[in-house]
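J.: below: sequence and its predicted model.
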Amino acid sequence: MEMEPDGAVPARPFEDMDVMDEETRRETQVAKGNKPLATKKTGAAALRVLSRCLLQVFVTKAEKSYMHPWHVRPQKSGKGSAFVIDAAKRRIITNAHVVEDATVAHVRRLGVPKRWPAKVLHLSRVCDLALLTVEEDAFWTGMEDVDLVETPHLQDQILVCGFPIGGDSLSITSGIVSRVTLCSYGTSTNKLLAIQIDAAINSGNSGGPVFLNLQERQVAGVAFLKHASSSADNIGYIIPKPVVDNFLQEIEVSGHVKHCCTASVGFLCQPMENPYLREKYKLSKEQSGCLVFRISPLSVCSQHLKIGDIILEIDGQPLADDGTITFRDDERLSYAHTIRMKMVGETLHLKVLREGSELNLSYPIATRDPLVPEFHNLDCVPTYFIIGGLVFVPVTIPFMHHALGSQWRRGAPIRILNAMMGSKCAEDEQIIILHQILVADINFGYKQGMIQLKDFNGTPIRNLQHLAYLVDTCEEEFMEFTLDFGFRIVFRTTCAREESQAILEQHAVPHDRSPNLQECAGQRPELATAVSVDP
């Protein structure tokens, strides 16, 4: 899996640290009563350990298309790695991107030719983790789970085990922990804790274990990502224990995965490193914090915080002027880490500075509910509505990724990107765009595409269901679609309805709307109450 560079807050630079050599690190661990972390166990002994926990995953996928939402993408096969996380409960862990949209999944034990049918139990695209199981008793004979250990330290040695491209047999590569930071998981804008390593992580390694101590089956995390850039080498990422624990805890408590790592504070804040900014908002030399500049109008936070408040502490941890908190020892991370690791419903405690006075505030953490949905099958599915050859879709991150590629932020129209930065003013609000035009005589002369729809016959559009209802019940002579910049597209109502079916047949589109809109066709949508947003 590839990722683009991100602006995550780095750990303290290496020149500010005393980097231990391997012998000193090992002696320090023993002195603390811990077993040596980087013990290597090679040859037949290593294979015996791995044969009881490491698996190769084989999947066949049928992925839904957001680019052409009436189609399913061509079927494809893929491979990945996995390992046993709980042998007693028959649980196997891997990456979500390895098994998502899988129609068939199999796993194979190391050194055993047979492939066993596997079932996906739980999957979270947010933290890129999935739980599998194998129902046949014979598969579990001799299988043992691993011990997931706390986040390793810089320079700790690790072993990446899995089945990457380049062959079909086991691959073991060694490296060190280079950095502990936050990074984006896949296509999400939601940054979570990750461990950067310099060992190779390639296609097929995804979902495999990264061992801190192979002899004791101590695993530092789940391999999942590599940094693909012509200017960077040997940068891979693994999912650490805190993120895995958050995933497993929700399953244990609720029996499903829906809100894992989606906790949201409901506000955005900016650093306060500039002396004039600090002076303006009465921040003393002894104080540090970040300035709240946006509050989600639908969040619980809007009942407690005000724009212009300064966040001094989060859950008792002082917030630095650059937006970081202490992680451990001399390492710092963005305050977002504290938030993401909380379970939805937990209480957030803040100390804020408001007009020179300190206040203590508390409110329950809610799940993220962004204006632009981020995850397929979690907060969005492929959705469309067609009239007169005009294809309208809601803006989602999966759509942007399918339509413009992994670097979609660089190719998307600036007006669309600006709209995506907004906050919801109503629970059912969507950004609707004209995605493409299925060419026909009725739409001759109209060439707009990837542009936001503002209103229909003078009525502002709340969401795609709202648009479909207005079009279905239109009794006016003309249908007028007003787009961004004031562009107009006009059809005669009778002609649009008469010719739409022929256009669909010509372009092999089975229906004028997606199944989720077919279910509510003709029903007047009950629009949620909108709230005003401070400019």
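T.: Received the coordinates, thanks.

J.: neighbours of residue 216, how many?
T.: 17 (other Cβ atoms under 10 Å). Backbone N, C-alpha and C define where each C-beta goes, glycine included.

J.: surely it is in contact with residue 147?
T.: Yes: counting by Cβ atoms under 8 Å, residue 216 touches residue 147, with 6.8 Å between them.

J.: any low-confidence regions in this protein?
T.: 1-43, 187-188, 228-232, 532-535 (pLDDT under 70).

J.: try it again with 50
T.: Where the chain drops to pLDDT under 50, the residues are 1-23, 25-26, 29-38, 535.

J.: helices of that one, start to end?
T.: 22-31, 43-50, 96-99, 241-254, 275-280, 336-340, 397-404, 408-411, 414-420, 464-472, 493-506, 515-518 (DSSP state H).

J.: pick the most deeply packed of those.
T.: helix 96-99 (a mean of 24; mean count of other Cβ atoms under 10 Å).

J.: which elements pack onto it?
T.: strand 54-61, strand 76-86, strand 119-124, strand 129-133 (3 or more Cβ pairs under 8 Å, 6 or more residues apart in numbering; DSSP states H and E).

J.: for the residue nearest to residue 518 when sequence neighbours are not counted, give its distance to residue 377.
T.: In space, residue 518 comes closest to residue 511 once its chain neighbours are excluded; the distance is 6.6 Å by Cβ to Cβ, 6 or more residues apart in numbering. In this structure, residue 511 and residue 377 are 20 Å apart, going by Cβ to Cβ, to the nearest Å.

J.: before we move on, back to that, point out the most buried one among the helices and strands packed on helix 96-99.
T.: By mean count of other Cβ under 10 Å, those have strand 129-133 as the most buried, with a mean of 25.

J.: surely residue 522 meets residue 470?
T.: No: the pair residue 522 / residue 470 is not scored as a contact, 11.9 Å apart, by Cβ under 8 Å.

J.: strands along the stretch 201-350 of the chain, start to end?
T.: Remark: strands assigned in the stretch 201-350 of the chain by DSSP state E, counting those that start in this stretch are 209-213, 218-227, 236-240, 263-264, 267-271, 290-295, 310-314, 317-318, 324-328, 331-334, 347-354.

J.: to residue 295, which of the helices of the chain lies closest?
T.: Checking those against residue 295 by Cβ to Cβ gives helix 336-340 as the closest, at 14.9 Å.

J.: elements contacting the closest one?
T.: By 3+ Cβ pairs under 8 Å, 6+ apart, helix 336-340 packs against strand 191-197, strand 263-264, strand 324-328.

J.: tell me the strands beside the second one, with direction?
T.: The strands that strand 263-264 pairs with in its sheet are strand 366-367 (antiparallel) (by DSSP bridges).

J.: contact partners of the strand it pairs with?
T.: 258-259, 262-264, 266, 299-300, 344 (Cβ atoms under 8 Å, 6 or more residues apart in numbering).

J.: filter these down to the buried ones and hand me the ChimeraX line.
T.: The following ChimeraX line selects those of the contacts of strand 366-367 that are buried, judged by 16 or more other Cβ atoms under 10 Å:
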select :259,262,263,264,266,299,300,344
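
J.: can I get the helices of the chain in TSV with distance to residue 325?
T.: Formatted as TSV, the helices of the chain follow (distance: least, Cβ to Cβ, whole Å):
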stretch	distance to residue 325
helix 22-31	25
helix 43-50	37
helix 96-99	28
helix 241-254	14
helix 275-280	19
helix 336-340	6
helix 397-404	27
helix 408-411	27
helix 414-420	28
helix 464-472	40
helix 493-506	54
helix 515-518	41
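
J.: so residue 365 sits right up against residue 342, yeah?
T.: Yes: contact criterion Cβ under 8 Å: residue 365 and residue 342 qualify, at 5.2 Å.

J.: now for the two: what residues contact both?
T.: Contacts common to residue 365 and residue 342, judged by Cβ under 8 Å, 6+ apart, are 263, 348.

J.: for stretch 97-112, output the C-alpha coordinates as CSV.
T.: What follows is stretch 97-112, C-alpha atoms only, in CSV (Å, rounded to 0.1, in the frame of the first residue of the first chain):
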residue,chain,number,x,y,z
HIS,A,97,-7.2,-3.5,2.7
VAL,A,98,-6.0,-7.2,2.2
VAL,A,99,-9.5,-8.6,2.6
GLU,A,100,-12.0,-5.8,1.9
ASP,A,101,-14.5,-6.5,-0.8
ALA,A,102,-13.3,-10.1,-0.9
THR,A,103,-15.8,-12.6,-2.3
VAL,A,104,-13.5,-15.5,-1.3
ALA,A,105,-10.7,-15.7,1.2
HIS,A,106,-8.3,-18.5,2.1
VAL,A,107,-5.3,-18.8,4.4
ARG,A,108,-2.3,-21.1,4.3
ARG,A,109,-0.1,-22.1,7.1
LEU,A,110,3.7,-21.9,6.7
GLY,A,111,5.0,-25.2,5.3
VAL,A,112,1.6,-26.6,4.6
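
J.: list the buried residues in it.
T.: In stretch 97-112, counting by 16+ other Cβ under 10 Å, buried: 97-102, 105-110.

J.: centre of the chain versus that stretch, how much separation?
T.: Its chain's C-alpha centre and that of stretch 97-112 lie 22 Å apart, by Cα atoms, centre = their mean, to the nearest Å.

J.: ok, residue 340 - contacts?
T.: 190-193, 246, 261-263.

J.: and the closest residue to it other than its chain neighbours, how many neighbours?
T.: Of all residues not flanking residue 340 in the chain, residue 261 sits nearest, at 5.1 Å (Cβ to Cβ, 6+ apart). Using other Cβ under 10 Å, residue 261 has 29 neighbouring residues.

J.: residue 261 and residue 194 touch, don't they?
T.: No: using Cβ under 8 Å, residue 261 makes no contact with residue 194, being 11.7 Å away.

J.: before we move on, the earlier item: among the helices and strands packed on helix 336-340, which is nearest residue 494?
T.: strand 263-264 (47.1 Å).

J.: contacts for that closest one?
T.: Outside strand 263-264, the residues touching it (Cβ under 8 Å, 6+ apart) are 296, 299, 339-344, 346, 365-369.

J.: identify the farthest-apart pair in the residues you listed.
T.: Counting by Cβ to Cβ, the most remote pair of those is 296 and 341, 20.1 Å apart.

J.: neighbour count winner among those two?
T.: residue 296 (22 against 16).

J.: remind me, longest strand of this structure?
T.: strand 171-184 (DSSP state E).

J.: which neighbouring elements make contact with it?
T.: By 3+ Cβ pairs under 8 Å, 6+ apart, strand 171-184 packs against strand 157-162, strand 191-197, strand 236-240, strand 331-334.

J.: rerun at 6 Å
T.: strand 157-162, strand 191-197 (3 or more Cβ pairs under 6 Å, 6 or more residues apart in numbering; DSSP states H and E).

J.: what pairs with the last one, and is each one parallel or antiparallel?
T.: Based on DSSP bridges, the strands next to strand 191-197 in the sheet, each with its direction, are strand 171-184 (antiparallel), strand 236-240 (antiparallel).
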